[in-house]
Structures are given as structure tokens and as C-alpha cells.
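Student: Pasting the sequence and the predicted model now:
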Amino acid sequence: MVMPRANQPTAPRKGWSQHGEHRLRGRKLQRARAGLFAAEPLCRMCVAEGHYDLRARATIRDHIIPLAEGGTDEPENIQPLCQPHHDAKTLEEARRGALRGGAGLISAAMQDGNRGRLEKCPYGSGSQKNGG
């Protein structure tokens with residue numbers, strides 16, 4: 001059992017939100033991912049920015065409106081993204097979450113290697129920041 005340090009305050013843990021009850025999981029999720037990537041194999045953001053090569057290949061099934069912000073698993077709330085665009089979007093969502101009072105989200109996103117990586121498309125000129 002891990003005990004908190006005496007000098008660190010402990011925050012009450014929040015229970016799972018109601019969104020978890022309706023999330024796609026398991027085989028249904030894998031079928032949805034396969035269908036999405038078959039119908040739309042390129043990152044939606046890359047295509048919007050004019051990138052149509054292999055670097056724009058989508059690998060992430062992303063919620064346009066995050067579940068934490070009231071989004072759903074409905075097809076109209078799903079988009080295919082490449083990893084760099086997903087990382088940038090996730091970091092922005094973490095920043096919004098911190099403004100709502102979930103400050104732990106930013107540090108978690110940064111620990112995943114997203115710290116200052118991208119602001120724009122990763123494939124355009126001068127769009128990648130130094131850091132990491």
C-alpha cells in the first residue's frame with residue numbers, strides 16, 4: 001500500500017463519469033476504428049491543410065468534442081487524426097481542462113511527451129517547435 005507523504009495534501013478522487021457507460025469498447029471499438037480508417041485513411045486536419053501524402057496517414061480515432069466536455073461516441077463526433085495532430089489537440093484539451101479546474105491534466109499530457117511539440121501542422125514549414 002502506498003501512503004501519501006506527510007507534507008503533500010491529498011485530493012479527493014473523482015469517480016468515473018457517466019460517459020464511460022456508453023463508450024465503445026472491445027470488438028465494437030475495433031470494428032468502428034477499422035471502418036473509420038477504411039472510409040477516411042488520411043488525417044482530417046492534414047487534408048484540411050493540404051497534405052495528402054503518407055505522412056498524413058490517420059492512426060487515431062479522435063472525439064471532435066471530447067467525452068470529458070460532453071462529446072459522444074456517435075459517428076458525427078469522430079474524426080481520424082495522425083499522431084502529431086492528436087498530440088497537439090490533446091494538449092489544448094488539457095489546457096482547457098486546467099482552466100476548468102483539472103490542473104493535473106496538463107502535467108499528465110506533458111509527461112506523455114507533448115510539451116510544446118506542435119502548434120500547427122507538423123508537416124508545414126517551421127511548424128515544429130523545439131522542446132520535448
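Tutor: That came through fine.

Student: which residues in the protein form helices?
Tutor: In the chain, the helices defined using DSSP state H lie at 26-39, 44-48, 83-99, 104-109.

Student: And Gly35, how far from Lys28?
Tutor: Using Cβ to Cβ, to the nearest Å, Gly35 is found at 11 Å from Lys28. To be clear about C-beta, it is placed using only N, CA and C from the backbone, and glycine gets the same treatment.

Student: For Pro75, grab the count of nearby residues.
Tutor: Pro75 has 11 neighbours, counted by other Cβ atoms under 10 Å.

Student: got the helices of the chain as JSON lines, with distance to Ile65 columns?
Tutor: Formatted as JSON lines, those follow (distance: least, Cβ to Cβ, whole Å):
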{"stretch": "helix 26-39", "distance to Ile65": "16"}
{"stretch": "helix 44-48", "distance to Ile65": "14"}
{"stretch": "helix 83-99", "distance to Ile65": "10"}
{"stretch": "helix 104-109", "distance to Ile65": "16"}
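
Student: got those helices as JSON lines, with distance to Thr59 and mean pLDDT columns?
Tutor: Below are the helices of the chain laid out as JSON lines (distance: least, Cβ to Cβ, whole Å; pLDDT from 0 to 100):
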{"stretch": "helix 26-39", "distance to Thr59": "8", "mean pLDDT": "95"}
{"stretch": "helix 44-48", "distance to Thr59": "12", "mean pLDDT": "95"}
{"stretch": "helix 83-99", "distance to Thr59": "6", "mean pLDDT": "92"}
{"stretch": "helix 104-109", "distance to Thr59": "18", "mean pLDDT": "48"}
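
Student: Now mean neighbour count and distance to Ala56 too, for those, in TSV please.
Tutor: Below are the helices of the chain laid out as TSV (neighbours: other Cβ atoms under 10 Å; distance: least, Cβ to Cβ, whole Å):
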stretch	mean neighbour count	distance to Ala56
helix 26-39	12	12
helix 44-48	18	3
helix 83-99	18	9
helix 104-109	16	23
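
Student: Might one say that Gln83 is in contact with Ala56?
Tutor: No - judged on Cβ atoms under 8 Å, Gln83 makes no contact with Ala56 at a distance of 11.1 Å.

Student: Okay, and the beta partners of Gln79?
Tutor: Asp62 (DSSP bridges).
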